[in-house]
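> structural data only, the sequence is not supplied:
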Ligand SMILES: O=P(O)(O)OC[C@H]1O[C@](O)(COP(=O)(O)O)[C@@H](O)[C@@H]1O
């Protein structure tokens, strides 16, 4: 084993650190609006809207034309490829709208989940082949960070060594390529909440997955100060009969990170993983209130838990756009407070604040 390698040039280190820092600034988090065509289609279908390119554009327009005060709590937005080139009704590119509000645009660069042959229904994520070229193009367009999602399942025999190793390695290779193109990688190894396992099992799996991820990132000499981890909170399986308090979830989550995530990592931004909007805010708040060593900013990068009330209120109807945008502002504010450990449960209402957002086997 050789121990000789090169750190990125100082200018690149500085650039990556600056981008990462802006994303995890206190009181702010990331809006994950990078649902792929199928995933967004499912969400639109739930509110009776057809999954056409125009309806996806109309919906994203609603998000990105929300009052500039949204930037008080949103630091960055993760986009999907199609969205990057779309424009508002008046011709302003979406990217321009975000920039005008001081919101950092980022882009999902993985090409989705595929099965791992020979495993018990486990998967890996593809998209490495032309990644460097795609990142060069995205950076030119004005994106400054990327995101790549891997999925791990909890079951009697899983996650397997094969799945843990493969996903850790592909995340490391992705992160390295992203940094080579001056883009901060958001490394997302999502441990799915499907199953009846308890909190203890979820914590152990999350620890095993994260320790493999950081071993791989180290092996690939990824510059950790220029990375963000997008993690699941440590929660019991959705079918677990035992109920745990937000404090118990916070303790399990922070302990798992203390044991596996190097302090050099710029920040941790949680996915919502099927929690309701209110649950996700309350748990994020408890995590930030938890008394213990937390050397990283702990923020949000929610998809469903920032958009459920927005979608329900909008319903595809232009006359409800303003009301739906108010929902986004309110939920972002709730999460902004949770990042500071100042959210009071139940104080922010929403059309779907308590709605169950869990989607079984949310691999794709
Ligand atoms: O559309 P895809 O590729 O299935 O992505 C699923 C979603 O999962 C996330 O990684 C996390 O979303 P949630 O907060 O809804 O769990 C989003 O960024 C992404 O949109």
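Good, I have the coordinates. Predicted model, so just to flag it, every value in this text is computed and none were measured. Residues are numbered from 1 along each chain as shown.

> contacts, neighbours, all on C-alpha from now
Will do.

> what does the stretch 201-350 of the chain have sitting close to the ligand?
With C-alpha under 6 Å from any ligand atom as the criterion, the stretch 201-350 of the chain meets the ligand at residues 271, 272, 273, 274, 302, 303, 304, 305.

> which stretches in this protein count as helices?
Taking DSSP state H to define them, one finds helices in the chain at 10-23, 37-46, 53-64, 81-84, 94-100, 131-141, 161-180, 199-219, 246-260, 277-289, 304-314, 321-339.

> packing partners for the third one?
Helices and strands touching helix 53-64, as assessed by 3 or more C-alpha pairs under 8 Å, 6 or more residues apart in numbering; DSSP states H and E, comprise helix 94-100, helix 321-339.

> reformat those as JSON lines; add mean pLDDT and mean neighbour count.
Listed next are the helices and strands packed on helix 53-64 as JSON lines, based on pLDDT from 0 to 100; neighbours: other C-alpha atoms under 10 Å:
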{"stretch": "helix 94-100", "mean pLDDT": "98", "mean neighbour count": "18"}
{"stretch": "helix 321-339", "mean pLDDT": "98", "mean neighbour count": "24"}
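
> ok, which of those comes nearest residue 65?
helix 94-100 (7.1 Å; C-alpha to C-alpha).

> same for the closest one, what does it pack against?
Using 3+ C-alpha pairs under 8 Å, 6+ apart: helix 94-100 touches helix 53-64, helix 81-84, strand 104-108.

> which of these is buried the deepest?
For those, the largest average neighbour count (mean count of other C-alpha atoms under 10 Å) is found in strand 104-108, namely a mean of 26.

> list of residues touching that one?
For strand 104-108, contacts defined as C-alpha atoms under 8 Å, 6 or more residues apart in numbering pick out 23, 34, 75-81, 95, 98-99, 138, 142-148.

> returning to that earlier point: ok, which of the helices of the chain comes nearest residue 187?
So among those, helix 161-180 is nearest, using C-alpha to C-alpha, at 6.4 Å.

> gap between stretch 82-99 and the chain center?
21 Å (C-alpha atoms, centre = their mean, to the nearest Å).

> so what would you say the end-to-end distance of it is?
18 Å (C-alpha to C-alpha, to the nearest Å).

> same deal with stretch 281-295?
21 Å.

> buried ones in it?
281, 282, 283, 284, 285, 286, 287, 288, 289, 290 (16 or more other C-alpha atoms under 10 Å).

> before we move on, back to that, as a markdown table, the residues of the stretch 201-350 of the chain next to the ligand with neighbour count and pLDDT would be great.
Converted to a markdown table, those look like this (neighbours: other C-alpha atoms under 10 Å; pLDDT from 0 to 100):
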| residue | neighbour count | pLDDT |
| --- | --- | --- |
| 271 | 24 | 98 |
| 272 | 26 | 98 |
| 273 | 24 | 97 |
| 274 | 23 | 97 |
| 302 | 26 | 98 |
| 303 | 21 | 98 |
| 304 | 25 | 98 |
| 305 | 32 | 98 |
